[in-house]
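J.: Take this sequence and fold it.
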Amino acid sequence: MLDFKGNTAVYILYAYARICSIMRRSELSQNLDILDYNVINLNHKSELLVARYLVKFPEIINDIIGTLKLNILCDYLYNLANAITIFHRDCKVLNQSNEEDRIKLIYATILILRKGLNLLGIECPERI
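T.: Numbering: from 1, shown residues only. Next comes the predicted model:
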């Protein structure tokens, strides 16, 4: 249950804390409200993997409402955490030419992970 690896809440929270750390270190995080979220360039396969999970969130919520099966949300959050961990491994974010696009992706992931975990009654620490 408390393992940092595998399908556990701690694994998801650790992935969340890691991307929060990137946000804290980015100068762009101070201007998140003025970034244009209508345009985001994703080129790396790891970026696309995260984006594919992000766009599924409304569908997941609709499935939960229809079935009342919270395990669907748990599986989704684990897969999203896994995707962002792969992204973190494969893609540098800070001080890169595409930092703004990657910060947008990370910020969206933070919002979705936080919302999903909050729906499960789990608070999201930004540091572990």
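
J.: Strands of this protein, start to end?
T.: Counting by DSSP state E, the chain has no strands at all.

J.: Would you enumerate the residues in contact with the residue most central in space within it?
T.: Centroid check for the chain by CA atoms, centre = their mean gives Thr109 as the closest residue, at 2.6 Å. Residues near Thr109 by CB atoms under 8 Å, 6 or more residues apart in numbering: 19, 50, 54, 80, 84. Where you see a C-beta, it was placed from the backbone N, CA and C, and this is true even at glycine.

J.: Out of these, flag the one nearest to Ile122.
T.: For the contacts of Thr109, the minimum distance to Ile122 (CB to CB) is 14.1 Å, reached by Leu80.

J.: Share the number of residues neighbouring the nearest residue to the closest one once chain neighbours are set aside, please.
T.: By the measure of CB to CB, 6 or more residues apart in numbering, the closest residue to Leu80 outside its immediate chain neighbours is Tyr53, 4.4 Å from it. For Tyr53, the neighbour count with other CB atoms under 10 Å is 19.

J.: So Tyr53 sits against Tyr76, correct?
T.: Yes. Assessed by CB atoms under 8 Å, Tyr53 is found in contact with Tyr76 at 7.3 Å.

J.: Just list the residues touching the residue nearest to Leu80, thanks.
T.: Applying CB under 8 Å, 6+ apart, the residues near Tyr53 are 76, 79-80, 83.

J.: pLDDT weak spots in this structure?
T.: For the chain, the stretches flagged by pLDDT under 70 are 1-6, 34-35.

J.: Tell me which stretches of it form helices.
T.: 9-25, 45-54, 57-67, 71-90, 99-119 (DSSP state H).
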